[in-house]
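A.B. asks: no sequence for this one, just the structure:
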Ligand SMILES: Nc1nc2c(ncn2[C@@H]2O[C@H](COP(=O)(O)OP(=O)(O)O)[C@@H](O)[C@H]2O)c(=O)[nH]1
Ligand SMILES: [Mg+2]
């Protein structure tokens, strides 16, 4: 425990910020206590999620986009999530390799995170780390997701603007878009537009978007970029700012923040409910015996659960 | 509540202008395979970039691989910047090609250990486990 840590954080000490993020990631008592006292100071930063397949150029785009926002004088934080090995729990976090522009800039803070077993494209604590950075006073926070698989929809929960990156030349790219990612994009980026086929990918995305039976209030633009050369980045930054203006004009930002707060309440309640139920079950003198009987097949797990944790709520909760 | 063990985070850096980062990648993989989180920065980082990375990533350990013979210039610069930023609890290790006669001088300025080309990665892993500072 370091009683000075929070005070240093509040004075703008970046080492204290970095250490606090470690506490939050590791779920220490100090991390939990800090989150609680910071919570009221959150909700000011803009958050941008960047998702897309591995190698699509997400890190390179983040680097360029961040440089574009720096020209507006905005203070930036970047969270990059990479996968942890399911076997050893270790990870190689290499997104910084593509972010050389930003590494000497005192108004940019980059933090690499390992997914630590989570599957939705973020780690379990990414949302909490976002809050720490928000409370520290960054104007914009960019979040690069893991970029494997298709279920990377977690990022919409955390980021108010989501960029979906596609590239030409992935035969099944459009299939991947179909599987639920079309709905989360506030802008679609066709990166590596220096490779053949970019126009076709853009057209396909536009076609898919136009098939939406209830056209949304916001029409997601499709932007072509060559991140390695910086081509198309100004247009992308312009579209992101347009999305911010849209969120503000329609009070959508308020609604998003409200939903986030309610989701946080729900998470806290779930954790507490689970904790207090576990405590009650573990405290019962017949717990070990009943568990053994279940193991031996002498009674069924429903029967044991009824005895260990009597529950008279609706059946769909009683019998999962 | 039982406390989760602290995840060891290591920055692997390869400053200097010489070519490849094979050695740095070998050590990065070995550390990952032993369960650590490795922040890999790529080639040609300046001392300033390295120190910024160590601070932002809250690293427990910094492994610097140098092949170019510039160690007597780069290490003092890195150690000076760490000191200026009041980063005192990071374990600094050196790797690559460093002549034995230069090792005492590097240790004197705060580099904890030098692991030459012949070192088994296992030894580096163990050294880090045994020497990283507990977190406050
Ligand atoms: N040809 C081309 N290569 C690119 C472009 N953007 C990124 N790359 C390269 O694609 C590779 C993967 O980029 P990276 O940003 O690490 O992708 P990530 O895995 O999605 O974060 C790197 O070698 C980049 O230099 C682009 O617009 N055109
Ligand atoms: Mg990346």
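C.D. replies: Looks like it came in fine. All figures in this text were calculated on a predicted structure; none of them were measured in a lab. Ligands and ions are numbered 1, 2, ... in the order given.

A.B. asks: contacts and neighbour counts: CA atoms only from here.
C.D. replies: Will do.

A.B. asks: Could you pull up phi and psi at residue A:78?
C.D. replies: Note on residue A:78: its backbone torsions stand at phi -130, psi 130 [degrees, to the nearest 10].

A.B. asks: residue contacts, residue B:102?
C.D. replies: Residue B:102 makes contacts with residue B:72, as judged by CA atoms under 8 Å, 6 or more residues apart in numbering or on different chains.

A.B. asks: So it belongs to a strand, correct?
C.D. replies: No: the assignment for residue B:102 (DSSP: H, G, I helix; E, B strand; the rest coil) gives helix, which keeps it out of a strand.

A.B. asks: Could you check the pLDDT of it?
C.D. replies: Per-residue confidence at residue B:102 stands at 88 (pLDDT).

A.B. asks: ok, longest helix in chain A?
C.D. replies: helix A:252-283 (DSSP state H).

A.B. asks: mind checking the SS state of residue A:61?
C.D. replies: Assigned state for residue A:61: helix (three-state reduction, three-state DSSP).

A.B. asks: need the helices for the chain, in chain order.
C.D. replies: No chain specified, so I'll use chain A. Using DSSP H, helices in chain A cover A:5-10, A:14-26, A:29-38, A:58-71, A:126-136, A:154-158, A:173-176, A:198-210, A:233-249, A:252-283, A:287-295, A:301-308, A:315-318.

A.B. asks: my question was about chain B
C.D. replies: Assigned by DSSP H, chain B shows helices spanning B:22-33, B:47-56, B:71-84, B:103-108, B:121-131.

A.B. asks: The helices of chain A: which one's closest to ligand 2?
C.D. replies: helix A:58-71 (4.2 Å; CA to the ion).

A.B. asks: how much space between the spatially most central residue of chain B and residue A:161?
C.D. replies: When CA atoms, centre = their mean is applied to chain B, the residue found nearest the centroid is residue B:63 (1.4 Å). Residue B:63 sits 37 Å away from residue A:161, taking CA to CA, to the nearest Å as the criterion.

A.B. asks: Look up the closest residue to residue A:198, ignoring the ones flanking it.
C.D. replies: Sequence neighbours aside, residue A:168 is the residue nearest to residue A:198 in space, at 5.2 Å (criterion: CA to CA, 6 or more residues apart in numbering or on different chains).

A.B. asks: correct me, but the one you found touches residue A:189?
C.D. replies: No: the pair residue A:168 / residue A:189 is not scored as a contact, 10.8 Å apart, by CA atoms under 8 Å.

A.B. asks: More neighbours: those two, which one.
C.D. replies: Neighbours per residue (other CA atoms under 10 Å in any protein chain shown) separate residue A:168 from residue A:189, with residue A:189 holding more: 29 against 22.

A.B. asks: how about that one, what does it touch?
C.D. replies: Applying CA under 8 Å, 6+ apart to residue A:189 gives the contacts A:163-166, A:222-225, A:236.

A.B. asks: Which of the helices of chain B has the highest mean neighbour count?
C.D. replies: Stretch with highest mean neighbour count among those: helix B:47-56 (a mean of 22; mean count of other CA atoms under 10 Å in any protein chain shown).

A.B. asks: and that helix, what does it pack onto?
C.D. replies: Here helix B:47-56 touches helix A:14-26, strand A:108-114, strand B:9-15, helix B:71-84, going by 3 or more CA pairs under 8 Å, 6 or more residues apart in numbering or on different chains; DSSP states H and E.

A.B. asks: Return the residues in contact with residue 67.
C.D. replies: With no chain named, the answer covers chain A. Contact analysis of residue A:67 by CA under 8 Å, 6+ apart lists A:101-102.

A.B. asks: think we crossed wires, I meant chain B
C.D. replies: B:16, B:18, B:96-98.

A.B. asks: tell me the two of the contacts of residue A:189 that are most distant?
C.D. replies: Between any two of the contacts of residue A:189, the greatest separation by CA to CA is 13.9 Å, found for A:166 and A:236.

A.B. asks: More neighbours: those two, which one.
C.D. replies: Using other CA under 10 Å, the more surrounded residue of residue A:166 and residue A:236 is residue A:166, with 28 against 23.
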